[in-house]
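Trainee: Here is the input, now give the coordinates:
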Amino acid sequence: MNEQSPLVRFLGGRTALFVLSLVLLLGLTIMVYSRVSFIFDPIFGFIGTVALPVILSIVGYYLLSPLVNLLQRYKIQRGWGILIVFVALSGLITVLLVTILPFLRDQTEALIASFPSYARQLGMDIDMWARNSPFEAQYMEISKNMQTNAEQFLGSITQNFSDFAGHTLDSITNVIATLTNFIVSLVTVPFILFYLLKDGHKLYNGFLHVLPPRMRGRTGAMLIEMDEQLRSYIQGQMLVSLCIGIMMYIGFLIIGLDYALLLAAIASVTSVVPYLGPVIAITPAIIIAIVTSPFMVVKLALVWTVVQLLEGKFISPQIMGKSLQIHPVTIIFVLLTAAHLYGVVGVLIGLPTYALLKVIVQYMFGLFKARYNRFSEKADDQYAVVETDDDLV
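Mentor: Predicted coordinates:
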């Protein structure tokens, strides 16, 4: 009964035929979607509308659920515990807005007012260095080309001012729509977050009861793995970012760098993005340090090096470990691809999304092994790949 026909053997066996069928089905799906993609526009519009509040609520859930669980251990009803956490969080945000926000506002206004002089001084320093260097000829050629391009750009703006104004109006409309969507999201997030904190633990069993009994074990293991990946990444990344911001602020105060609080806040926010974040964070500080004095650049480099060593050798290993188990090269490729496709939002959600997709692919590969028993002697050990220490992807 299990003997394969000559045609199946010629095509490489049942496994090869199964893989070829999947590839063919995927190709047909892509082709059909490219022809009738307009049908899915309302669906994508709905997803785009609810994506922001859902993402913010999920982040809030993983940040606040440990506090709610702690209160529940002290015999406080979960609903009351959530209200206590919400009130405490509102008070903390109010205190921060009253105490820190004015300093950030003043430093931001001062930096914006001083930025033209910083830019002129930086340009003069670069010009003086280039004219006294062996690359003077190349620098003069580049400067000439940049000046020509700038003149052409200004001329094109003058000639096409009406089109430019039209695009500006469209941009203003888009900004208003984006702000409206953001405000609506902020209003709906507390309600979604409340029910996630109150009944989120019930979603696991509720989802499994929908599945056939034979699939619940493997799917449950996959959901637990996905939950651990998201929890460790969100909680760890937020704590690491806070530590970096505090260390940067202390370091900037010690060396006497201007706009210390603002630059430390920028460093804290951008450090959410691995590898690329520190480079983005240090750029405005370098400009200010160069304009201040050469010795300030040396002191800034020392502070940045110390913070990066502390973060890389002590803070991140203790807080995050290897939570996502993703190779650094893969992380960079994921960030670049996500930034190209979805901009800033893609950079923020690219890594956790990739980690979840990785768990799903490993789960599907485990089912494939269990079905065909061709890659492992233990067909039921479908999570051998998930538990491996290999972090090359």
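
Trainee: element containing the residue sitting nearest the centre point of the chain?
Mentor: Ranked by distance to the mean C-alpha position of the chain (C-alpha atoms, centre = their mean), the top residue is residue 348 at 1.6 Å. Element membership of residue 348, judged by DSSP states H and E, is helix 328-372.

Trainee: low-confidence ranges in the chain?
Mentor: Residue ranges of the chain with pLDDT under 70: 1-18, 122, 125-127, 129-175, 177-178, 320-324, 369-393.

Trainee: Show me the helices in it, by range?
Mentor: For the chain, the helices defined by DSSP state H cover 6-10, 13-35, 41-73, 78-99, 101-131, 136-159, 161-210, 213-255, 260-270, 276-292, 294-310, 316-319, 328-372.

Trainee: from those, which stretch is densest packed?
Mentor: Greatest average neighbour count among these goes to helix 260-270 (a mean of 21), per mean count of other C-beta atoms under 10 Å. For every residue, glycine as well, the C-beta is placed using N, CA and C.

Trainee: CA atoms of it as PDB?
Mentor: What follows is helix 260-270, C-alpha atoms only, in PDB (Å, rounded to 0.1, in the frame of the first residue of the first chain):
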ATOM      1  CA  ALA A 260      22.700  67.000  28.300                       C
ATOM      2  CA  LEU A 261      19.100  66.100  29.100                       C
ATOM      3  CA  LEU A 262      17.900  66.400  25.500                       C
ATOM      4  CA  LEU A 263      20.800  64.400  24.100                       C
ATOM      5  CA  ALA A 264      20.400  61.700  26.800                       C
ATOM      6  CA  ALA A 265      16.700  61.400  26.000                       C
ATOM      7  CA  ILE A 266      17.500  61.000  22.300                       C
ATOM      8  CA  ALA A 267      20.100  58.300  23.200                       C
ATOM      9  CA  SER A 268      17.500  56.500  25.400                       C
ATOM     10  CA  VAL A 269      14.800  56.500  22.700                       C
ATOM     11  CA  THR A 270      17.100  55.500  19.800                       C
END
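
Trainee: From the contact counts, what lies against that helix?
Mentor: The contact analysis (3 or more C-beta pairs under 8 Å, 6 or more residues apart in numbering; DSSP states H and E) places helix 260-270 against helix 101-131, helix 213-255, helix 276-292.

Trainee: For the closest residue in space to residue 194 that isn't next to it in sequence, list the residues it contacts.
Mentor: Spatial nearest neighbour of residue 194, chain neighbours left out: residue 82 (6.0 Å); criterion: C-beta to C-beta, 6 or more residues apart in numbering. Counting by C-beta atoms under 8 Å, 6 or more residues apart in numbering, residue 82 touches 68, 194, 197-198.

Trainee: Report the separation between residue 82 and residue 219.
Mentor: Using C-beta to C-beta, to the nearest Å, residue 82 is found at 28 Å from residue 219.

Trainee: Done for today, thanks.
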